[in-house]
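Student: heads up, no residue letters with this:
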């Protein structure tokens, strides 16, 4: 096998290529990588097929061309490979969809001796992933290589060629059939994920409508800025979405922007896919690119390299891309182009890649050694100051991302631990509240039985007052622990009877604290549609707070005032001035820490009032305080 590479210029094609060299060859593969206009490619095709009518010729438009260690743009490269022991077969397909194209191409080209399928598709209409799925449906064993045509980042019209025909849709392929051809493939990715994980919310095939609650366009603007978002897909393709698939990182680059803010990507994504934005890791890109091939086989006897690399790779580091290509050209003739999506075979599956450098190593030598050898590193690579700065910046980003991920993991573990603690605490409180109810009921029942038989005494009265306070605290805790299971049903309640009964319940407690209640109402009956459990928490917490904070020998005024279909529930008394009315309803806040309690009651009241649209008004001055709760829509 021999390969000859040519860069086309303004000179006649016959003066650049010595066609006589190939006249007697039977198995000739010609690949044309054209970064110029169609008419130039058309002229080249006409002359080549005229001079070498038996040759197999395929071509593609590009976003850059590779000729040994030289990278060009807006140019045309011709690579001619001559095989001794390999036959070639060519086909072109343009079916109803990408899957059908792949299926038919594989049907036409693959046989039992096929070692390799090189294929190019248009870069605008083809869904590369579906195309490869079509090939796999026929044969998933053969190595696939090639890519999607480019058009110098214009994203208007790409083209491919089959013999002397130029095509703007479909796929062209050539199978390499042999019993002796050695094929080794590999890829370099070197794009690293950065930042937090995001979820694909809405997607159809390769068109994404929502990412983590945002349109893809808004998503890119948020993370990469307005300029990149407006310039998509030409700018920003260097920052793809990265997802893990079949144990390899897969990039999905933007290929089209739509008016509704959705974006089309070079391959399919699925609802629920977890993705991260990616950036080119210059440190890895500038490391020895032969490493991935050396890990699979020894390539010292390789006769030809074909490279199909992503356009983003060249555009991300235009002054450094030759660092990747040069080592291959020192071993064997090397040619290829920069694509809109690379085709790669990975252990029984065909993958559409983005951002990668895919490599084919070919040889017809029968004594090729495929045992791995030590990696040779080119110590003579001289990096510019700009390259060194990029390398340092990449290292900074990578290390910062690594530190962030480590801290995020620690936070996640801490959050899980905290959630488990909260769950355990909740479970404990549920059990504690449940187990407390029975002894409290027994104590209260026995107090009442004792009073019925023996009458009251001051010791029993003290116990009764304390028990009522415990019952009030128990009811608060029970509500907080079980609030999600509280029956939310409402029914008609006579507010006058309800408040009067609660006042009577706590009357003995007020006397114990040397105060007493005075209950007043401007109506004998006030009907309210409300949840009884929530209403009791509002009333009981305010009554017990009034008992605790009212000055000795003072009256606690409890009033119900009906006006305009609203009813004010008012509790006022002489007490210490409330210094910070804004905080009084906050959880665990107590102005007088010497008083018993947890600072939960009024916070619970506020939450219920917010849920039920009950108005709250707090007034306080020197030695007085008043709480007013306005219940709306009284019947």
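Tutor: Thanks, I have it. What you are looking at is a predicted structure, and each value in this text was computed from that prediction instead of being measured. Numbering: from 1, shown residues only.
Student: Show the average pLDDT along stretch 531-546.
Tutor: Taken as a whole, stretch 531-546 carries a mean pLDDT of 91.
Student: Equivalent analysis for stretch 129-147, please.
Tutor: 96.
Student: contacting residues for residue 234?
Tutor: Counting by CB atoms under 8 Å, 6 or more residues apart in numbering, residue 234 makes contact with 153-155. (Glycine included, C-beta is placed from N, CA and C.)
Student: which residues does residue 342 bridge with?
Tutor: On the basis of DSSP bridges, residue 342 takes part in beta bridges with residue 147, residue 353.
Student: buried ones in the helix or strand where residue 537 lies?
Tutor: Assigned by DSSP states H and E, residue 537 belongs to helix 532-549. Across helix 532-549, burial judged by 16 or more other CB atoms under 10 Å covers 533-549.
Student: pLDDT weak spots in the chain?
Tutor: Where the chain drops to pLDDT under 70, the residues are 286-289, 291-298, 367-391, 394, 426, 429-435, 437, 480-487, 588, 590-599.
Student: helix, strand or coil for the closest residue in space to residue 17 that isn't next to it in sequence?
Tutor: Distances taken as CB to CB, 6 or more residues apart in numbering place residue 6 nearest to residue 17, at 5.6 Å, with adjacent residues excluded. Look at residue 6: counting by DSSP: H, G, I helix; E, B strand; the rest coil, its state is strand.
Student: pretty sure residue 493 is in a helix, no?
Tutor: No: counting by three-state DSSP, residue 493 is not found in a helix; it is strand.
Student: Pull the contacting residues for it.
Tutor: Neighbouring residues of residue 493 by CB under 8 Å, 6+ apart: 527-530, 532, 535.
Student: Apply 10 Å and report the result again.
Tutor: 499, 526-532, 535-536, 635 (CB atoms under 10 Å, 6 or more residues apart in numbering).
Student: now residue 531
Tutor: By CB under 10 Å, 6+ apart, the contact set of residue 531 is 486-491, 493, 537, 608, 611-612.
Student: For the residue nearest to residue 17, list the residues it contacts.
Tutor: Contacts for residue 6 (CB under 10 Å, 6+ apart) come out as 13, 16-18, 32, 67, 76-80, 335.
Student: Just the buried subset of those residues, written out for ChimeraX, thanks.
Tutor: Buried residues among these (16+ other CB under 10 Å), as a ChimeraX selection:
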select :13,17,32,67,76,77,78,79,80,335
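Student: Among the contacts of residue 6, which one sits closest to residue 191?
Tutor: Ranked by distance to residue 191 (CB to CB), those are led by residue 335 at 24.0 Å.
Student: Help me confirm that the closest one comes into contact with residue 359.
Tutor: No: taking contacts as CB atoms under 10 Å, residue 335 lies outside contact range of residue 359: 11.7 Å.
Student: hmm, back to that, pull out the buried members of the contacts of residue 234.
Tutor: Neighbour-count burial (16+ other CB under 10 Å) applied to these gives 153, 155.
Student: Which one of the contacts of residue 234 is nearest to residue 62?
Tutor: Among the contacts of residue 234, residue 153 lies closest to residue 62 (CB to CB), at 10.7 Å.
Student: Specify the local secondary structure of the closest one.
Tutor: In three-state terms, and counting by three-state DSSP, residue 153 is coil.
Student: Use 54 as the first number for this chain going forward.
Tutor: Renumbered: residue one is now 54, and that last one reads residue 206.
Student: how near is it to residue 291?
Tutor: Using CB to CB, to the nearest Å, residue 206 is found at 11 Å from residue 291.
Student: shared neighbours of those two, anything?
Tutor: Residues touching both residue 206 and residue 291 by CB under 10 Å, 6+ apart: 364-365, 368.
Student: Among those, which lie within strands?
Tutor: Using DSSP state E, no member of the shared contacts of residue 206 and residue 291 falls in strands.
Student: re the thing from before, spell out which residues are contacts of both of residue 388 and residue 412.
Tutor: 358-360, 381.
Student: Using CSV, please lay out those together with distance to residue 187.
Tutor: Output for those, formatted as CSV (distance: CB to CB, whole Å):
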residue, distance to residue 187
358, 27
359, 22
360, 25
381, 30
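Student: what's the most distant pair in the residues you listed?
Tutor: Spatially, the most separated pair among the shared contacts of residue 388 and residue 412 is 359 and 381, at 9.7 Å (CB to CB).
Student: Phi, psi for the residue nearest to residue 162 when sequence neighbours are not counted please.
Tutor: Closest residue in space to residue 162, ignoring its immediate chain neighbours: residue 228 at 3.9 Å, by CB to CB, 6+ apart. The phi and psi values for residue 228, taken as degrees, to the nearest 10, are phi -100, psi 140.
Student: Now do the contacts for residue 228.
Tutor: Under the criterion of CB under 10 Å, 6+ apart, the neighbours of residue 228 are 109, 139-144, 158-159, 161-164, 166-172, 195.
Student: quick one: the nearest residue to residue 446 once chain neighbours are set aside from residue 369, how far?
Tutor: Distances taken as CB to CB, 6+ apart put residue 335 closest to residue 446, at 7.6 Å, once the chain neighbours are dropped. Distance, residue 335 to residue 369, using CB to CB: 8 Å.
Student: More neighbours: which of the two?
Tutor: More crowded of residue 335 and residue 369, by other CB atoms under 10 Å: residue 335, with 25 against 20.
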